[in-house]
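Chemist: Next one to model:
(one chain, ligands or ions: 1)
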Amino acid sequence: MDNNDFLKKVISHSKANGFIFQSSEIYDGLSAVYDYGPYGSELKNNLKDFWWKSMTQLHDNIVGIDSAVFMDPTTWKASGHIDAFNDPLIDNKDSKKRYRADVLIEDYIAKINSKIDKEIIKARKRFGKKFDEKVYRETNERVKNYISQTSEISAKMNDFLKSNDLKGLKILIDDLKINDPVSGTSNWTDVKQFNLMFSTEIGSTSESSKKIFLRPETAQGIFLNFLNVVNSTRVKIPFGIAQIGKAFRNEIIARQFIFRMREFEQMEMQFFVEPGSEMKWYEEWKEKRMKWHNALGLGDNLYKFHDHENLAHYANAACDIEFNFPMGFKELEGIHSRTDFDLKNHQKHSGKKINYYDQKSGSSFIPYVVETSLGLDRLFLAVISSSLRNEKLEDGTERVVLKVPFEISPVKVAVMPLNAKDGLPEKALKIYDELKLNFKTQYDYKDSIGKRYRRQDAIGTPFCVTIDYDSLKDNSVTIRNRDSMEQERVPINILADHINKFTSINNLLKKI
Ligand code: ATP
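Modeler: Below you'll find the model as predicted:
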């Protein structure tokens, strides 16, 4: 199955099993906007819980806030978003499709990179154990040529982006003979800048109303509350403010499912430090965040760092944690050293002093900021795409199973009476009523046990508990593990402890 087919499978599984639906589907859908269904919202809440606790509960110097989506519009002037939150867009005159010029070029580079990967796979087969990838990359003429092509193209693109040279970008697209994947032609318009912020109006009368923006990142809500937090709590530098919330961007290319949405959720943490110490904290947060991702247990080999060459207007260092999505390695989380850019500009535009007074040294300064910014929806896609499996069973049948980490699974346990008679449902309902106080639990009595197992496998439920005739006598049940499919007998009085041992979010928190 190729990557595209696999992504389609993830999308259809998500829809058929109540994880994610296209927004406004009955009106033919709103592009790049999605709704989370019953199991999707549970899974998403569990991911939030893991992040929130890891930030605000495990660190005594990180506090959480929940700021509004609407802010005074000057916020976005100060942050640079009104002037610089643009993407270079280009239209194909034949297909009438719109693209991001830099993404077209990046896709072109990705094609060359996949040629390099193919050469390496072939060579590895040919040379066997003796194969040294580093030496091969440095000596094979064809691979060397590909590598120099990609670095030349990406250096040119970064220069054009940095200097806002839109004509240069267009010439590069023409020189590389990049065609529209839809029309197949290179009949392009000029490249134009497009601001990604959504705007609306606040106020009831036309005279009093004013144009405001839907926040394109949650970070500014943290900066605007910096003084409030310092003055109302006992935080001392270095300290962080964490927030989970919606962000809105009018993305030019809206594809790849929940990877790039127009309304999405971010989990951001701004860490305020003494100027000059930011690089130490930047390195520390890079390490901490990778450890956090690895604690989820999706597979350490699925993540890698990617350092930014083309820095955003506010940063003096930046990198992404990339994840191996069905479309290949792409940004999952950004880690940015944002200097004092934001606080300094809010001070300038608001006229309010935003200083931090350090009692120890007796000095005042505007703190520097290291930010970790994780897209919740991208994290969701990472989890669901790396967990969805088709497994061949010993009896020759197949099962579709969502091997999400037990701790974040939407439903933790399903309670199933073997039959719908002879007192089994009554016994099962008693157990269900007990378990639901502790866990998201389902009561499932319809169809054969085999069918019920398949249903729970598809939504990733770690445990299925069956109440049979023996249960009426020995007060024990059979508990089946989703992954090993092994079944064991467990006394009812220790059932909750048993499930908790394997599904508690604390298991993840202990790993970081
Ligand atoms: P990209 O380069 O993919 O557009 P970005 O660098 O603009 O992303 P940031 O501004 O660093 O993204 O935002 C932080 C995080 O928010 C990203 O790492 C990503 O996980 C998430 N994110 C950003 N834009 C979107 C979007 N349109 N849909 C879903 N998640 C997003």
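Chemist: got the CA positions of stretch 61-79 in CSV?
Modeler: Extracted as CSV, the C-alpha positions of stretch 61-79 are listed here (Å, rounded to 0.1, in the frame of the first residue of the first chain):
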residue,chain,number,x,y,z
ASN,A,61,7.8,26.5,37.7
ILE,A,62,5.2,26.1,34.9
VAL,A,63,1.7,27.5,35.3
GLY,A,64,-1.3,27.2,32.9
ILE,A,65,-3.7,29.8,31.6
ASP,A,66,-6.7,29.8,29.2
SER,A,67,-6.8,33.1,27.3
ALA,A,68,-9.5,34.3,24.9
VAL,A,69,-9.3,33.8,21.2
PHE,A,70,-10.2,37.5,20.6
MET,A,71,-7.5,40.1,21.5
ASP,A,72,-7.0,43.7,20.9
PRO,A,73,-6.0,44.0,17.2
THR,A,74,-2.8,45.9,18.1
THR,A,75,-1.6,42.6,19.5
TRP,A,76,-1.1,41.4,15.9
LYS,A,77,0.7,44.6,14.8
ALA,A,78,3.1,44.3,17.7
SER,A,79,3.7,40.6,17.1
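Chemist: can you tell me the average pLDDT over it?
Modeler: If you average the pLDDT over stretch 61-79, you get 97.
Chemist: so how far is the helix or strand where residue 161 lies off the chain centroid?
Modeler: Residue 161 is part of helix 141-162 when elements are defined by DSSP states H and E. Relative to its chain's centre, helix 141-162 lies at 28 Å (C-alpha atoms, centre = their mean, to the nearest Å).
Chemist: What residues of it count as buried?
Modeler: Buried residues in helix 141-162, counted by 16 or more other C-beta atoms under 10 Å: 143, 146-147, 149-150, 153-154, 156-157, 160-161. Any C-beta I mention is one placed from the backbone N, CA and C, and that applies to glycine too.
Chemist: burial of the nearest residue in space to residue 48 that is not next to it in sequence, as a residue count?
Modeler: With C-beta to C-beta, 6 or more residues apart in numbering as the criterion, residue 48 has its nearest non-adjacent residue at 5.6 Å, and that residue is residue 244. The number of residues packed near residue 244 is 21, by other C-beta atoms under 10 Å.
Chemist: Double-check that residue 244 belongs to a helix.
Modeler: No: the assignment for residue 244 (DSSP: H, G, I helix; E, B strand; the rest coil) gives strand, which keeps it out of a helix.
Chemist: where's it relative to residue 273, distance?
Modeler: For residue 244, the distance to residue 273 equals 22 Å [C-beta to C-beta, to the nearest Å].
Chemist: thought the residue nearest to residue 48 was touching residue 49?
Modeler: No: checked against C-beta atoms under 8 Å, the pair residue 244 and residue 49 is beyond contact range at 10.0 Å.
Chemist: got the buried residues for the helix or strand containing residue 137?
Modeler: According to DSSP H and E, residue 137 maps onto helix 133-139. By neighbour count on 16+ other C-beta under 10 Å, the buried set for helix 133-139 is 136-137.
Chemist: helices or strands up against it?
Modeler: helix 101-127, helix 141-162 (3 or more C-beta pairs under 8 Å, 6 or more residues apart in numbering; DSSP states H and E).
Chemist: Looking at these, spot the one closest to the ligand.
Modeler: Within the helices and strands packed on helix 133-139, the stretch nearest the ligand is helix 101-127; the backing value is 8.8 Å (C-beta to the nearest ligand atom).
Chemist: Distance from the closest one to the middle of the chain?
Modeler: Distance, centroid of helix 101-127 to centroid of chain: 25 Å (C-alpha atoms, centre = their mean).
Chemist: Show me what that helix is packed up against.
Modeler: Counting by 3+ C-beta pairs under 8 Å, 6+ apart, helix 101-127 packs on strand 86-91, helix 133-139, helix 141-162, helix 166-175.
Chemist: Pull out the buried residues from it.
Modeler: Under 16+ other C-beta under 10 Å, the buried positions of helix 101-127 are 101-105, 108-109, 116, 119-120, 123.
Chemist: measure whichever residue of the stretch 401-512 of the chain sits closest to the ligand to residue 435 for me?
Modeler: Nearest to the ligand, among the residues of the stretch 401-512 of the chain, is residue 408, at 17.4 Å (C-beta to the nearest ligand atom). Relative to residue 435, residue 408 is positioned 18 Å away (C-beta to C-beta).
Chemist: Ok, residue 95 next?
Modeler: Counting by C-beta to C-beta - residue 95 and residue 435 are separated by 54 Å.
Chemist: How about residues contacting stretch 98-108?
Modeler: Residues from elsewhere that reach stretch 98-108 (C-beta atoms under 8 Å, 6 or more residues apart in numbering): 87-92, 153-154, 157, 161, 166, 169-170, 172-173, 176, 178, 180, 191, 252-253.
Chemist: Quick one: end-to-end length of stretch 473-486, please.
Modeler: In stretch 473-486, first residue to last residue: 23 Å (C-alpha to C-alpha, to the nearest Å).
Chemist: can you start the count at 145 instead of 1 from here on
Modeler: All right, first residue 145 from here; so that's stretch 617-630.
Chemist: returning to that earlier point: isn't the residue of the stretch 545-656 of the chain closest to the ligand up against residue 526?
Modeler: No: here residue 552 lies out of contact with residue 526, judged by C-beta under 8 Å, at a distance of 11.6 Å.
Chemist: and residue 599, that's in a strand?
Modeler: No: applying three-state DSSP, one finds residue 599 to be helix, outside a strand.
Chemist: Can you name the residues of this protein sitting close to the ligand?
Modeler: Contact residues (C-beta under 6 Å from any ligand atom) of the chain with the ligand: 361, 393, 395, 404-405, 408, 410, 475-478, 517-519, 521-522.
Chemist: ok, now with 5 Å
Modeler: 395, 404-405, 408, 475, 478, 517, 519, 521-522 (C-beta under 5 Å from any ligand atom).
Chemist: Of all those, the one with the weakest confidence?
Modeler: residue 395 (92).
Chemist: Kindly reformat the helices and strands packed on helix 245-271 as a markdown table containing mean pLDDT.
Modeler: As requested, the helices and strands packed on helix 245-271 are exported to a markdown table (pLDDT from 0 to 100):
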| stretch | mean pLDDT |
| --- | --- |
| strand 230-235 | 93 |
| helix 277-283 | 90 |
| helix 285-306 | 93 |
| helix 310-319 | 96 |
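Chemist: wait, which of those is closest to residue 645?
Modeler: helix 277-283 (41.8 Å; C-beta to C-beta).
Chemist: Extract the C-alpha set from that closest one and format it as PDB.
Modeler: Output in PDB follows, covering the C-alpha atoms of helix 277-283 (Å, rounded to 0.1, in the frame of the first residue of the first chain):
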ATOM      1  CA  GLU A 277      25.700   5.000   4.000                       C
ATOM      2  CA  LYS A 278      27.900   8.000   4.900                       C
ATOM      3  CA  VAL A 279      30.700   6.900   2.600                       C
ATOM      4  CA  TYR A 280      28.200   6.100  -0.200                       C
ATOM      5  CA  ARG A 281      26.600   9.500   0.100                       C
ATOM      6  CA  GLU A 282      30.000  11.200  -0.200                       C
ATOM      7  CA  THR A 283      31.400   9.100  -3.100                       C
END
